[in-house]
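S.K.: Give me a model of this one.
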Amino acid sequence: MSRNNDELQGITLLGNQNTAYGYDYNPALLETFPNKHPENEYLVTFNCPEFTTLCPKTGQPDFGHIIINYIPRDKMVESKSLKLYLFSFRNHGDFHEDCVNIIMKDLVKLMDPRYIEVIGIFMPRGGISIYPFANYGDDEHQEMVRARLLASFRNS
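M.R.: Have a look, this model is predicted:
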């Protein structure tokens, strides 16, 4: 059940030895491939422990850990394109909460997943850490949207 050339047609970055690393926010970098198992409801997790962006006020770098969990429908995001997309935030000036919501909205627009959540775990600035959480679900996953949002509240 290998992937055929038609299924890989839209993937241009994976295997490309001349990858250009952009430093400005660019959702056009995101690529998809078909989900071969759309009848199954399963979870895909991406872990990006080296996310970097800029404070919109000071221009100082902010460092964070981004976790993306999603239940695919028909399309899936290709991981190298996701890596380059996340890297494109390097010179993007936005607050942590904005970055997490932008990432989620771009991935919803790209894939139309059944469910997705984006979690940001940012390093402390001025003695305060920020952990934004954004999620989205289709009509069948609204209970999960509420449950995961409530579960993300921290006691410590």
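
S.K.: which intervals of the protein have sub-threshold pLDDT?
M.R.: 1, 3, 5, 12, 15-18, 155-156 (pLDDT under 70).

S.K.: just the strands in it please.
M.R.: Under the criterion DSSP state E, the chain contains strands at 32-34, 44-54, 61-71, 75-77, 115-122, 133-137.

S.K.: looking at the ones you listed, which is closest to C99?
M.R.: Closest approach to C99 among the strands of the chain is made by strand 44-54 (5.4 Å; CB to CB). Using the backbone N, CA and C atoms, a C-beta is placed for each residue, glycine as well.

S.K.: Please list the residues outside that closest one that contact it.
M.R.: If you take CB atoms under 8 Å, 6 or more residues apart in numbering as the criterion, strand 44-54 is touched by 60-72, 76, 79, 82-83, 86, 89-94, 96, 99, 120.

S.K.: Which secondary structure elements does the longest helix belonging to the chain sit against?
M.R.: Looking across the chain with DSSP state H, the single longest helix is helix 96-111. Helix 96-111 sits against strand 44-54, strand 61-71, strand 75-77, strand 115-122, strand 133-137, with contacts defined as 3 or more CB pairs under 8 Å, 6 or more residues apart in numbering; DSSP states H and E.

S.K.: from the contacts of strand 44-54, which would you call buried?
M.R.: 62, 64, 66-72, 76, 82-83, 86, 89-90, 92-94, 96, 99, 120 (16 or more other CB atoms under 10 Å).

S.K.: related to what we said a few turns ago, need the helices and strands packed on helix 96-111 in JSON lines with distance to N26, can you?
M.R.: As requested, the helices and strands packed on helix 96-111 are exported to JSON lines (distance: least, CB to CB, whole Å):
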{"stretch": "strand 44-54", "distance to N26": "13"}
{"stretch": "strand 61-71", "distance to N26": "16"}
{"stretch": "strand 75-77", "distance to N26": "14"}
{"stretch": "strand 115-122", "distance to N26": "17"}
{"stretch": "strand 133-137", "distance to N26": "20"}
